[in-house]
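Peer 1: structure for this input, please:
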Amino acid sequence: MKKIFLLGSLFTIAISLMACSNQSGYNDERYNAQLYDNAGEWMHQDFLIENLTRGAFYNDDFLDDDSYPKNFTYLIKNKGEFDSVLAEYPTEVDFNKRMLCVFVFTCNYTRPYKIKNISEENQVIKIEVKSMKSSNNAIGDACIPWQRCLVVEMNKLDITSVEFIEN
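Peer 2: Okay, here's the model as predicted:
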C-alpha cells in the first residue's frame, strides 16, 4: 500500500512539474521562441560600436559614462532591419511569419542564458531572461564586463516594441 501511495505521489509531482514548465512562455506555441546566446559575433561591428553599453570594456577603455545606455533593445520585423543589424545568422528567417528581438547589454559572466517567460501587454512583448548557473556550482565564471547580445527568434506578432527583463 505504501508503494502505491509513493508511486502515486511521484507521478503527481512529475505531472505538476511538466505542467509548470509549459507555462514559462517560451514553450508556448503562440511564441515558438528560440534564444540565441552570444549573438554579438553575428552583428555588424558598426552596429555594435554605434550602440555601446555603459559598464563594458571596449578597446581597453571602461565605458562608465552616462552617455552610454545600460542596455538597449531592437525589434527586427523585416529584411531591411535585419540587414542593418546582422551580418550573418544561423538560419533563414521568413519575416512574413517570424521576427527577431535583440537585447544588447553589459554582462559580467560567461554563463548561458535561457528564456524564463514571455508576455504581451499593450503591443509590447516582454521577454524575461535568466543566466544559468553551472550545475556543479563552479566558481570563476565572472569576467571583465563586456557587451553581450541575445537574439530571440519568435512568431511574428502585432507589437511595436520589445522589453527584456534580466533576472
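
Peer 1: going forward, measure contacts between C-alpha atoms and count neighbours the same way
Peer 2: Will do.

Peer 1: tell me where the model's unsure across this structure.
Peer 2: 1-27, 135-139 (pLDDT under 70).

Peer 1: does residue 106 count as helix, strand or coil?
Peer 2: Using DSSP: H, G, I helix; E, B strand; the rest coil, the structure places residue 106 in strand.

Peer 1: cool, residue 80 as well?
Peer 2: helix.

Peer 1: give the burial count for it, as a bare number.
Peer 2: Residue 80 has 9 neighbouring residues, counting by other Cα atoms under 10 Å.

Peer 1: quick check: it vs residue 91, distance?
Peer 2: 16 Å (Cα to Cα, to the nearest Å).

Peer 1: repeat for residue 84
Peer 2: Using Cα to Cα, residue 84 is found at 17 Å from residue 91.

Peer 1: cool, residue 118 as well?
Peer 2: Using Cα to Cα, residue 118 is found at 22 Å from residue 91.

Peer 1: please apply the same query to residue 100.
Peer 2: Separation of residue 100 from residue 91 (Cα to Cα): 12 Å.

Peer 1: more neighbours: these two, which one.
Peer 2: The residue with more neighbours, out of residue 100 and residue 91, is residue 100; 24 against 6, by other Cα under 10 Å.

Peer 1: was I right about that one contacting residue 150?
Peer 2: No - taking Cα atoms under 8 Å as the definition, residue 100 is not a contact partner of residue 150, at 10.0 Å.

Peer 1: quick one, strands of this structure?
Peer 2: 34-36, 57-58, 61-62, 71-76, 98-109, 113-121, 124-131, 142-155, 161-166 (DSSP state E).

Peer 1: looking at those strands, which is closest to residue 42?
Peer 2: Nearest to residue 42, of all these, is strand 142-155, at 9.3 Å by Cα to Cα.

Peer 1: helices and strands around the closest one, which ones?
Peer 2: For strand 142-155, the elements it packs on are strand 34-36, strand 57-58, strand 98-109, judged by 3 or more Cα pairs under 8 Å, 6 or more residues apart in numbering; DSSP states H and E.
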